[in-house]
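A.B. asks: A predicted structure for the sequence below; I have some questions about it.
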Amino acid sequence: MFNVDVAIGLTIAGVVIAFLGLLVWSLVWVYRDAEERGKPGWAVSLAVLVLKRPVSLLLWIAFRPERLGH
């Protein structure tokens, strides 16, 4: 028999896992990108995490410095 409560719980769990995966991926990307550009990756990643994440991630992409050696 199909249990609606279990299905809803699994759907919510899937959404949470997907969100956390995307969060971790974006923070790793920001860290690596900042390091390539000569900025402290930990500080930029922390700022993106703490400061209204979607907006701060877009701000980093828009205003990030040029890569070193380019």
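C.D. replies: In hand now; what should we look at?

A.B. asks: Work out which residue lies at the spatial centre of this protein.
C.D. replies: residue 26 (2.8 Å; CA atoms, centre = their mean).

A.B. asks: you'd agree it is up against residue 45?
C.D. replies: No: if you go by CB atoms under 8 Å, residue 26 and residue 45 don't touch, sitting 9.0 Å apart. Bear in mind the C-beta positions are built from the backbone N, C-alpha and C, glycine included.

A.B. asks: Strands along this structure, start to end?
C.D. replies: For the chain, strands defined by DSSP state E do not occur.

A.B. asks: residue contacts, residue 16?
C.D. replies: Going by CB atoms under 8 Å, 6 or more residues apart in numbering, residue 16 touches no other residue.

A.B. asks: Okay, it and residue 30: tell me how far apart.
C.D. replies: 21 Å (CB to CB, to the nearest Å).

A.B. asks: Cheers, nothing more for now.
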